[in-house]
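K.L.:
When you get a sec, could you give me coordinates for this:
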Amino acid sequence: MALAAPTTMSLKQDLKSLAEGATGLLDQITWKGLLLFSSGGLLCKLLWKQYGILCCRNRPYTALGWPIYGYTAWVNRHTMERMPDSFVTPRPAALLTNICYTNVAMIDYSVYMEKLHQRHVDGDFKPEFTPSFRGCLGEESIMCQPGGKVHTHHKKLRNKLLSSLAPKPCLSVVPELTAEIRATLDHLVEETAKNGSVAFQPVGGHLAAKISQLQILSALEPELQKEVEHHTQVMILGLFEPVVDLGRFNNYGRAMASKKALQEIVKTMLKNPVTDKRNVLADLAKSNEDGEAFTEEESLDTIVTLLVAGKLTTGDALPNLFVHLCEHREWVEKIAQEPLDFKSIECESATLKFVMESLRADPVVTTYRRSCAEPVDLGEHGVIPANCQMAIQFRSELLEMDDKFDPLRWTPEQVLGVGWLPFGGHQPHSCVGRNLALLELQLFARILCREYNFEALETEKAVHPQKNFSPVWKDGLPVKVTKKSTEHSLSRLGGA
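P.N.:
All right, here's what the predicted structure looks like:
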């Protein structure tokens, strides 16, 4: 029996009934109900983003923590640096957890070298950061671009940076570095005489910022230099905050405002860079050998990244070095005997050995994050799901060399073999400012040991509420610094 075709009248009636039903349903929906429904949907999305990974088979040892927050609160209390050693006992070689509102697989360096390193060098991995870190640095930063053999654009940008950060151009600014270091130490002397002691950590951060600016932007006017350093510091405080931009009312909002201000300064300088001295900004303003120019966004984001990294890393390494010199006085005289001119940044010396051991005993950078578009097989340690962040942990690799502070371990062969580890190891995104940092630390140690008496009054570390990636020196590391007698200093000036 054939069905009768619907008439035009019946279709109109059906549509009318449907419209009336929809209107009735909309009349029953309140703003409160709509808000609850939307909030519930957002909550489900966040929970699935965190816990959906539990559906993956053969994943590594997993501990995702509280909903949404994961173990972020734990990190805020104890710092990210201490998590791999304190969170799980015994520590697994691969741990899938949630910190800073992001799922991440924390992987020991030994497992990385065995299972992942070659794929990393080949270009299978891309850099990953917390959302706030990436927001502050910018998507076009050299740190955020994929690197490795197949990513030639990243290599070109890195080579351009090395034009100013290679050993030779760094050695050319030794006179300027010497002047900055002496001025900083003289300031410590004045503050010690005035107040009985002075906090070293903020002064060390200021020195690191000025030296970074010197090689990245060339010499700046004092007011502009202060402005650049201020914006850099504000950005550092926003690196690990929730990605909520409330303008001047929260750290992330202030960091984004400082980033814009810093980019405007750099943008102006790019139009008329200083060319009489080698610097990163002038090199980025030039065209490549093959005629390809980098975009303005790449130049801006990369310069901002270098300014932040220079202050953040060397600014922490300097107080660590100061404390180690106070604790191992037998090395002070050896370092004081060495000249202030350098034939090579990594020439074998007591200073280089001591600096390398200081970086080993108190590493400033202890991890880097990557991800892969495909699942990553770690063998007996499990499989990392596709696109899951991986945090490569090399802190334990450095600390487990020995419990003893022993600079003599750093033979030329050792420096060549594992000397890159405090700077990220041999990988496409290893620290591009390594030469400048090593030179700055060695020169600081030699000037300090030759020309000044120094003492650390309190060497306890504590957790800073706005800097949760590593502990900081309590009260900014109170120290006393005085000038040595003129006769005592002149006896060593032959190599100055």
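K.L.:
separation between residue 336 and residue 406?
P.N.:
20 Å (C-beta to C-beta, to the nearest Å). Where you see a C-beta, it was placed from the backbone N, CA and C, and this is true even at glycine.
K.L.:
neighbour count winner among the two?
P.N.:
Between residue 336 and residue 406, residue 336 has the larger neighbour count (other C-beta atoms under 10 Å), namely 22 against 14.
K.L.:
so where is the stretch 1-150 of the chain shaky, pLDDT-wise?
P.N.:
Within the stretch 1-150 of the chain, the stretches with pLDDT under 70 are 1-29, 31, 33-34, 37, 80-89.
K.L.:
Okay, strands next: where are they in the stretch 101-250 of the chain?
P.N.:
Here the stretch 101-250 of the chain has its strands, by DSSP state E, counting those that start in this stretch, at 102-108, 125-128, 198-199.
K.L.:
Please enumerate the helices of the stretch 301-450 of the chain.
P.N.:
332-336, 350-361, 395-399, 412-418, 434-451 (DSSP state H, counting those that start in this stretch).
K.L.:
and those helices, which one's lowest on average pLDDT?
P.N.:
Mean pLDDT values for the helices of the stretch 301-450 of the chain show the minimum at helix 395-399, a mean of 83.
K.L.:
Mind giving me the packing neighbours of that one?
P.N.:
helix 83-86, helix 109-111, helix 350-361 (3 or more C-beta pairs under 8 Å, 6 or more residues apart in numbering; DSSP states H and E).
K.L.:
which one of those lies closest to residue 36?
P.N.:
Minimum separation from residue 36 across the helices and strands packed on helix 395-399 (C-beta to C-beta) falls at helix 83-86, 35.8 Å.
K.L.:
Just checking, which helix or strand succeeds that closest one along the chain?
P.N.:
Once the chain leaves helix 83-86, the next helix or strand it forms, by DSSP states H and E, is strand 94-99.
K.L.:
So which residues make contact with that next one?
P.N.:
50, 53, 59-65, 69-72, 75, 80, 83-84, 87-88, 103-108, 111, 378, 381-382, 384, 388 (C-beta atoms under 8 Å, 6 or more residues apart in numbering).
K.L.:
for stretch 56-66, same thing?
P.N.:
50-51, 53-54, 70-74, 87-88, 92, 94-98, 103, 105, 378, 381-385.
K.L.:
filter these to the buried ones?
P.N.:
50, 53, 70-72, 74, 87, 92, 94-98, 103, 105, 378, 381-385 (16 or more other C-beta atoms under 10 Å).
K.L.:
need the contact list for residue 186.
P.N.:
Contacts of residue 186 (C-beta under 8 Å, 6+ apart): residue 483.
K.L.:
ok, now how distant is it from residue 449?
P.N.:
Taking C-beta to C-beta, one finds residue 186 at 16 Å from residue 449.
K.L.:
how near is residue 169 to residue 216?
P.N.:
12 Å.
K.L.:
Those two: who's more crowded?
P.N.:
The residue with more neighbours, out of residue 169 and residue 216, is residue 216; 25 against 19, by other C-beta under 10 Å.
K.L.:
quick one: contacts for the more buried one?
P.N.:
164, 279-281, 303, 306-307, 310.
K.L.:
Format these as a markdown table; extra columns: pLDDT, distance to residue 364 and neighbour count.
P.N.:
Shown next, in a markdown table, are the contacts of residue 216 (pLDDT from 0 to 100; distance: C-beta to C-beta, whole Å; neighbours: other C-beta atoms under 10 Å):
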| residue | pLDDT | distance to residue 364 | neighbour count |
| --- | --- | --- | --- |
| 164 | 90 | 22 | 24 |
| 279 | 87 | 24 | 25 |
| 280 | 91 | 21 | 27 |
| 281 | 90 | 25 | 21 |
| 303 | 94 | 21 | 25 |
| 306 | 94 | 15 | 25 |
| 307 | 94 | 16 | 24 |
| 310 | 92 | 12 | 24 |
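K.L.:
Columns distance to residue 36 on top of those residues, output as TSV?
P.N.:
Formatted as TSV, those follow (distance: C-beta to C-beta, whole Å):
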residue	distance to residue 36
164	56
279	56
280	52
281	52
303	46
306	47
307	45
310	48
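K.L.:
now, which of the residues you listed sits nearest residue 150?
P.N.:
Of all these, residue 150 sits closest to residue 306, with 24.5 Å by C-beta to C-beta.
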